[in-house]
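**Q** The sequence and its predicted three-dimensional model are supplied below.
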Amino acid sequence: DVPVICLTLPTLALDMAYPFRRAQCQQKPRKTHSSSGFPLLAQNPYTTLCLQENTTGHGAVIRKLCPAITIMMIESPTIEDLELYLVEVPATEPLPPVKSLLIRLVSSSGDEGWGEGSVPWRPSELPGRRQRLLTLLRGRSIFDLEELATLPGLHPPELRCAVDLASWDLVGRFLNQRLCHLLGGQYRSQVPVAIPVSGSADELLVATSLEFLHQGFSTQIIQAPEIRPGDRQLLGTLKNLTGQGVRLRLDIGAQLELATARDLCLELEAAGLDSIIDPLREENFAVTASLQRQTLVPIAVWRALRGPRDMAALIRSGAASRVVIDLQRVGGISPARACGVLAAAGDLLCWLATGPTVGLIAAGVLQLAAAIPDFESCTACWYPTLSDDLLKLPLGISQGVAAIPSGAGLGVELDRRKLDRYQVG
């Protein structure tokens, strides 16, 4: 590995020094800044500057800035192959097993990237699906991330999420950089985590919630789609938990009509909830705004948010003060980052969500949360509810906070033995 600058995008901003395997260097150069403001390597006869093929026009400018640099042209790696896997990984009771589609992208440089999405395909479909995806992706530059995220053949959004994650992982591994560095830098080294808690309004729910509290998960998402107005037992349970220091977000799962949701919210105002997530069945921001005006409990929108356009519409309507950005629903890291920018501009409190995951989505969410200051609220993470995962080393989650994976790309390595064990079909 040789320290060089690798200019991989059509810009003059040379902002990172990457080890690049194709160059030879006998002396480690030191990093300086030119008068133009661009970080450059000091004049050194053993320094190699690698330019992507679509940046050839900048070579003359760079030579003037630092004449001693040797410029070596490289070709942008392209996607050459892919593999699909269906897996089913057990979760803790009473949660069902996590079923996911894994995608492995292989580039012309020999690097690989892994992605994940909850795509409901059958094993018998995979050969045909693989061929169609390969036809769509083969030959495309691994750096064309925005284009990959908008290809018309990548449906549903969970599939776009898997391809987007694999593409970012591929770029990070090629550049030997963790993903948060490519998304703006590591703003935070740890991310607070909110954990989902399922169960009915009985002693099991209370015991499970308090057990997570003792493990450091003070913010929890109670999944209660069956709750209705007049449910005094559940109301008492929620008051009990908030009284013991649990910060509760109540997820109703978009199950109620407006009148029923209004009555329920009025009853829950005394429960001390952090927020109520998706109380309304109707995905209409105007109706949600009407409900929010009639209750003091903050309402968060989750399932109706499928991309930046929905985020813009949500801000215009004033429907909610909080929003949940789910990587699988919006289609990956690229649109999730755009949603976060819009949420910050609209002064909304936003947090990320993984949804059920075998580990790869959780790693991507942590990298994104580490890089973007606006994702300051606890990330909703399903990873701690797994009985096992597909990673060689588990994600470091302790006392309610998650450490950022330190490897290149997503920062994690997939365990092939576990993949064989949990593969379906």
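**A** Yep, that arrived. Every value quoted in this text rests on a predicted model; they were computed, and no experiment measured them.

**Q** Name the SS class of the residue most central in space within the chain, please.
**A** Averaging the C-alpha coordinates of the chain gives a centre point, and the residue nearest to it by C-alpha atoms, centre = their mean is Val365 (2.9 Å). Using DSSP: H, G, I helix; E, B strand; the rest coil, the secondary structure recorded for Val365 is helix.

**Q** Tell me if I'm right that it and Trp351 touch.
**A** No - counting by C-beta atoms under 8 Å, Val365 stays clear of Trp351, with 10.1 Å between them. Any C-beta I mention is one placed from the backbone N, CA and C, and that applies to glycine too.

**Q** got any residues that touch both of those two?
**A** Shared contacts of Val365 and Trp351 (C-beta atoms under 8 Å, 6 or more residues apart in numbering): Thr379.

**Q** Just the strands from the stretch 301-425 of the chain, written as ranges.
**A** Defined through DSSP state E, counting those that start in this stretch, the strands belonging to the stretch 301-425 of the chain, from first to last, are 322-326, 349-353, 379-380, 397-398, 401-403.

**Q** and of those, who's closest to Val171?
**A** Across the strands of the stretch 301-425 of the chain, Val171 has its closest neighbour in strand 349-353 (20.2 Å, C-beta to C-beta).

**Q** tell me the pLDDT at Leu352?
**A** For Leu352, the pLDDT comes out at 97.

**Q** So it versus Gly184, what's the distance?
**A** The spacing between Leu352 and Gly184, counted by C-beta to C-beta, to the nearest Å, is 15 Å.

**Q** How about Lys418?
**A** For Lys418, the distance to Gly184 equals 32 Å [C-beta to C-beta].

**Q** Which one's more surrounded, these two?
**A** With neighbours defined as other C-beta atoms under 10 Å, Lys418 and Gly184 compare such that Lys418 has more, 18 against 13.

**Q** isn't that one right up against Leu390?
**A** Yes - judged on C-beta under 8 Å, Lys418 makes contact with Leu390 at a distance of 4.9 Å.

**Q** Pull the contacting residues for Phe375.
**A** Taking C-beta under 8 Å, 6+ apart as the contact definition, Phe375 lies against Ile325, Gly340, Cys350, Trp351, Leu352, Leu368, Ala369.

**Q** Val246 too?
**A** Contacts for Val246 were tallied using C-beta under 8 Å, 6+ apart; they are Ser209, Leu210, Leu213, Ser218, Thr219, Gln220.

**Q** repeat for Ala370
**A** Under the criterion of C-beta under 8 Å, 6+ apart, the contact list for Ala370 reads Cys180, Gln186, Tyr187, Arg188, Ser189, Val191, Ile404.

**Q** show me the contacts for the second one.
**A** For Gln186, the contacting residues are Arg178, Cys180, Ala370, Ala371, Ile404, by C-beta under 8 Å, 6+ apart.

**Q** what's the answer for the fourth one, then?
**A** Residues counted as contacts of Arg188 (C-beta under 8 Å, 6+ apart) are Ala369, Ala370, Pro373, Ile404.

**Q** give me that answer again for 10 Å
**A** By C-beta atoms under 10 Å, 6 or more residues apart in numbering, the contact set of Arg188 is Cys180, Leu366, Ala369, Ala370, Ala371, Ile372, Pro373, Phe375, Glu376, Val401, Ile404.

**Q** Now the buried members of the residues you listed.
**A** Cys180, Leu366, Ala369, Ala370, Ala371, Ile372, Phe375, Glu376, Val401, Ile404 (16 or more other C-beta atoms under 10 Å).

**Q** From the residues you listed, which one has the minimum pLDDT?
**A** Checked by pLDDT, the buried ones among the contacts of Arg188 have Glu376 as the lowest-scoring entry (81).

**Q** Distance of that residue relative to Ala304?
**A** If you go by C-beta to C-beta, the gap between Glu376 and Ala304 works out to 22 Å.

**Q** and what of Leu395?
**A** 29 Å.

**Q** Report the inter-axis angle for the helix of greatest length in the chain versus strand 322-326.
**A** Taking DSSP state H as the assignment, the helix of the chain that covers the most residues is helix 157-175. Using axes from the mean of the first three to the mean of the last three C-alpha atoms, to 10 degrees, one finds that helix 157-175 and strand 322-326 are set 70 degrees apart in direction.

**Q** Which SSE is immediately downstream of helix 157-175?
**A** Following helix 157-175 in sequence order, the next helix or strand is helix 179-182 (DSSP states H and E).

**Q** Name the residues that touch that following helix?
**A** Applying C-beta under 10 Å, 6+ apart, the contact partners of helix 179-182 are 8, 16, 145, 165, 168-169, 171-173, 175, 186-189, 333, 363-364, 366-372, 404-405, 407-411.

**Q** rerun at 7 Å
**A** By C-beta atoms under 7 Å, 6 or more residues apart in numbering, the surrounding residues in contact with helix 179-182 are Trp168, Val171, Gly172, Gln186, Gly364, Gln367, Ala370, Ala371, Ile404, Gly409, Leu410, Gly411.

**Q** Now do Ala166 against Ala271, distance only.
**A** Taking C-beta to C-beta as the criterion, Ala166 is separated from Ala271 by 42 Å.

**Q** So between the two, which is more surrounded?
**A** Ala166 (31 against 20).

**Q** Next, the contact list for the more buried one, please.
**A** Contacts of Ala166 were listed using C-beta under 7 Å, 6+ apart, and they are Ile103, Arg104, Leu105, Gly113, Trp114, Gly115.

**Q** Let's see which of those end up in strands.
**A** With strands defined by DSSP state E, the entries of these inside them are Ile103, Arg104, Leu105, Gly113, Trp114, Gly115.
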